[in-house]
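**Q** following is a predicted model, sequence given first.
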Amino acid sequence: MSWVRALARPDIVGLKVYEHAAWRPELERLHANELPWSPLGGDAADGLNRYPEPQPRSLIHRLAALYGVAPESVLVGRGSDEAIDLICRAFCRAGHDGVLVCPPTFGMYAVSARIQGAQVLEAPLRSAHGFALDEAAVLERCAPSTKVVFLCSPNNPTGNLLDESAMRRIARSLAGRSLVVVDEAYIEFADRASLAGAVREQPNLAVLRTLSKAHGLAGARCGALLADPEVIALLRKIIPPYAVARLTLDAALAALEPTALEATHARLATLRQERARMLRELPRLAGVERVWPSDANFALAEFADAGAALARAAAAGLLVRDARSYPGLARAVRISIGTPRQNSRLLDAWS
């Protein structure tokens, strides 16, 4: 038996897949109970009367080329959130299995696990060491029933990269026991290559990528899971048949054109410069007690009075994230790096 079949829920392994309408674009469609006319709404609505292609091949091949993996190692869906949910549902039996997370980190890992009825174990990041990954604690706290380990690098909300060698060692140590998922939603803002290339070497390692952040498509909802082809095949059993809407597909393909990618690289350079400015200027402000280093498109700052900082930002017409509910961040505010003008307004509001 393969490691995926042994690790996954038996009922998902044996699930009979829903048979969606065949994708035969060379033929006129009279097989999917669609309306034969486009909706009333102008040229932008043309073609929206037809169901989109399940797992669009054009997008999968573009993403595979962008991320340096084989097309059969790519699953596309509605942002990273959908992949997180699918992973929890495919590998965790309610009331029996669990996941491990490293707080403070992205909350959807635990939310998706708990919705599935899975146990959530924790190996907190080491705040005294810049929120470093505690490799020993991760391995020690992984129970036999821990099917998935979620690691976020750069981490949200702290902004730091996790140690790459440690993540690779964790995956090797848990081979055959757990799927190790590295969420790289913010990797384009960091000076480090993605772990996507390691997926082929380490089959129980998976990587989450998204077009929401660096490519400016948060409203389109388009993300990708990069994983062993057998993992992808398993998750394709349970992903909704038309997960990528036609308008999302069009927006994603346009964003992946060479000219668009060139413009994205220029924007990333500007954002990195602005991040450096914010990380330099924020610690000089009265009331700011600490600003953590960041490899993402945001900065995490601790204030003597975080409530007052939030109120002053709002009075200036700016909304920043209250991070005080995260463990160990009782006075923290997370600041997305905006345009140069927005960043200056925020600094002025806190001056």
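**A** Yep, it's here.
**Q** ok, the closest residue in space to N155 that isn't next to it in sequence - contacts?
**A** If the residues on either side of it in the chain are set aside, N155 comes closest to T105, at 5.8 Å by Cβ to Cβ, 6 or more residues apart in numbering. Using the backbone N, CA and C atoms, a C-beta is placed for each residue, glycine as well. T105 makes contacts with L125, F150, C152, N155, N156, P157, as judged by Cβ atoms under 8 Å, 6 or more residues apart in numbering.
**Q** let's go with 10 Å and repeat that
**A** 122, 124-125, 131, 150-153, 155-158, 162, 183, 326-327 (Cβ atoms under 10 Å, 6 or more residues apart in numbering).
**Q** checking it next. Helix, strand or coil?
**A** coil (DSSP: H, G, I helix; E, B strand; the rest coil).
**Q** need the pLDDT of it.
**A** Per-residue confidence at T105 stands at 98 (pLDDT).
**Q** what does A44 give?
**A** Here the pLDDT value assigned to A44 is 68.
**Q** is it possible to mark the buried ones in the contacts of T105?
**A** Listed as buried from the contacts of T105 are 122, 124-125, 131, 150-153, 155-158, 162, 183, 326; burial here means 16 or more other Cβ atoms under 10 Å.
**Q** out of these, which is nearest to L225?
**A** Of all the buried ones among the contacts of T105, L225 sits closest to D183, with 10.2 Å by Cβ to Cβ.
**Q** now do that closest one against C102, distance only.
**A** Remark: distance between D183 and C102 (Cβ to Cβ, to the nearest Å) = 11 Å.
**Q** residues shared between the contacts of those two?
**A** Residues touching both D183 and C102 (Cβ under 10 Å, 6+ apart) are Y109, F150, L151, C152, S153, N155.
**Q** which one of those residues sits closest to D322?
**A** For the shared contacts of D183 and C102, the nearest to D322 is N155 (17.9 Å; Cβ to Cβ).
**Q** so the closest one, which of the three states?
**A** Of the three states, N155 takes coil according to three-state DSSP.
**Q** count the neighbours of C222 for me.
**A** For C222, the count of nearby residues is 28 (other Cβ atoms under 10 Å).
**Q** just the CA atoms of the longest helix along the chain, as CSV, please.
**A** Longest helix in the chain, counting residues (DSSP state H): helix 258-281. The C-alpha trace of helix 258-281 is given here as CSV (Å, rounded to 0.1, in the frame of the first residue of the first chain):
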residue,chain,number,x,y,z
PRO,A,258,5.2,37.8,-19.1
THR,A,259,4.4,41.6,-19.2
ALA,A,260,2.2,41.2,-16.0
LEU,A,261,4.9,39.2,-14.3
GLU,A,262,7.5,41.9,-15.1
ALA,A,263,5.2,44.6,-13.6
THR,A,264,4.7,42.4,-10.5
HIS,A,265,8.4,42.2,-10.0
ALA,A,266,8.7,46.0,-10.1
ARG,A,267,5.9,46.3,-7.6
LEU,A,268,7.6,43.8,-5.3
ALA,A,269,10.8,45.8,-5.4
THR,A,270,8.8,49.0,-4.4
LEU,A,271,7.1,47.1,-1.6
ARG,A,272,10.4,45.8,-0.2
GLN,A,273,11.8,49.3,-0.2
GLU,A,274,8.7,50.5,1.7
ARG,A,275,8.9,47.6,4.1
ALA,A,276,12.5,48.6,4.9
ARG,A,277,11.4,52.2,5.5
MET,A,278,8.6,51.1,7.8
LEU,A,279,10.9,48.8,9.8
ARG,A,280,13.4,51.6,10.1
GLU,A,281,10.9,54.4,11.1
